[in-house]
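Participant: got a sequence here, can you model it:
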Amino acid sequence: MHPLIALVTLLTIVLMIACTILVGRARGKYKIQAPATTGHEGFERAFRVQMNTQEGAIMFLPTLWLAAYFGNPEWAALAGAVWLAGRIWYAAAYAVPGRNRGPGFAISLLALAVLLVMASWGLTWTLLLAG
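Facilitator: Numbering: from 1, shown residues only. Below you'll find the model as predicted:
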């Protein structure tokens, strides 16, 4: 694995851990007992950020790895860093009532689309050349 891809992967895991910690803090602050996932709006925001980040990472990480393997690892790492920045922006905006989380979401979605195109293009060429 390319070191830059490993770095983006590691930073994505750190983001997911940070989101988990924020949910734990919100549980304590708003006195939301596990396994409850509803209650105070502040807790629900933290919980949705965590869940949305995990849902996004499930699509992002394998796409990142495929784009790096079948495409260019440096470009894949750059797109991955953009995805990560978009997710951080999204999470920070979601946590505050009234802030627009749309730009962060759009940035991460666009970066994911770029990675998907890179992975698809590279895999297609690999399959065509192998045949």
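
Participant: so for the helix or strand hosting residue 116, what gets flagged as buried?
Facilitator: With elements taken from DSSP states H and E, the one containing residue 116 is helix 102-130. The neighbour-count criterion (16 or more other C-beta atoms under 10 Å) identifies 104, 105, 107, 108, 111, 112, 114, 115, 116, 118, 119, 122 as the buried residues of helix 102-130. The C-beta positions use only the backbone N, C-alpha and C, and glycine is treated the same way.

Participant: same check, this time on stretch 79-93
Facilitator: By neighbour count, with 16+ other C-beta under 10 Å as the criterion, the buried positions of stretch 79-93 are 79, 80, 82, 83, 84, 86, 87, 88, 89, 90, 91, 93.

Participant: what does stretch 21-41 give?
Facilitator: If you call a residue buried by 16+ other C-beta under 10 Å, then stretch 21-41 has these buried ones: 22, 23, 26, 27, 32.

Participant: relative to residue 91, how far out is the residue nearest to the spatial centre of the chain?
Facilitator: Centroid check for the chain by C-alpha atoms, centre = their mean gives residue 57 as the closest residue, at 4.2 Å. In this view, residue 57 and residue 91 are 12 Å apart by C-beta to C-beta, to the nearest Å.

Participant: which neighbours do the two share?
Facilitator: By the contact definition C-beta atoms under 8 Å, 6 or more residues apart in numbering, residue 57 and residue 91 are jointly contacted by residue 15.

Participant: can you pull the phi/psi pair for residue 97?
Facilitator: Phi and psi for residue 97, reported as degrees, to the nearest 10, are phi -60, psi 140.

Participant: so how far is residue 40 from it?
Facilitator: In this structure, residue 97 and residue 40 are 12 Å apart, going by C-beta to C-beta.

Participant: pull stretch 13-33 out as PDB, backbone CA atoms only.
Facilitator: What follows is stretch 13-33, C-alpha atoms only, in PDB (Å, rounded to 0.1, in the frame of the first residue of the first chain):
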ATOM      1  CA  ILE A  13     -10.000   6.000  11.300                       C
ATOM      2  CA  VAL A  14      -9.000   8.900  13.600                       C
ATOM      3  CA  LEU A  15     -12.000  10.800  12.400                       C
ATOM      4  CA  MET A  16     -14.300   7.900  13.200                       C
ATOM      5  CA  ILE A  17     -12.800   7.500  16.700                       C
ATOM      6  CA  ALA A  18     -13.200  11.300  17.300                       C
ATOM      7  CA  CYS A  19     -16.900  11.000  16.300                       C
ATOM      8  CA  THR A  20     -17.300   8.100  18.700                       C
ATOM      9  CA  ILE A  21     -15.800  10.100  21.500                       C
ATOM     10  CA  LEU A  22     -18.100  13.000  20.800                       C
ATOM     11  CA  VAL A  23     -21.100  10.700  21.000                       C
ATOM     12  CA  GLY A  24     -19.900   9.400  24.400                       C
ATOM     13  CA  ARG A  25     -19.400  12.900  25.700                       C
ATOM     14  CA  ALA A  26     -22.900  13.900  24.400                       C
ATOM     15  CA  ARG A  27     -24.400  10.900  26.200                       C
ATOM     16  CA  GLY A  28     -22.900  12.100  29.500                       C
ATOM     17  CA  LYS A  29     -23.700  15.700  28.900                       C
ATOM     18  CA  TYR A  30     -27.400  15.100  28.000                       C
ATOM     19  CA  LYS A  31     -27.800  12.100  30.200                       C
ATOM     20  CA  ILE A  32     -28.800   9.700  27.400                       C
ATOM     21  CA  GLN A  33     -28.400   6.100  28.600                       C
END
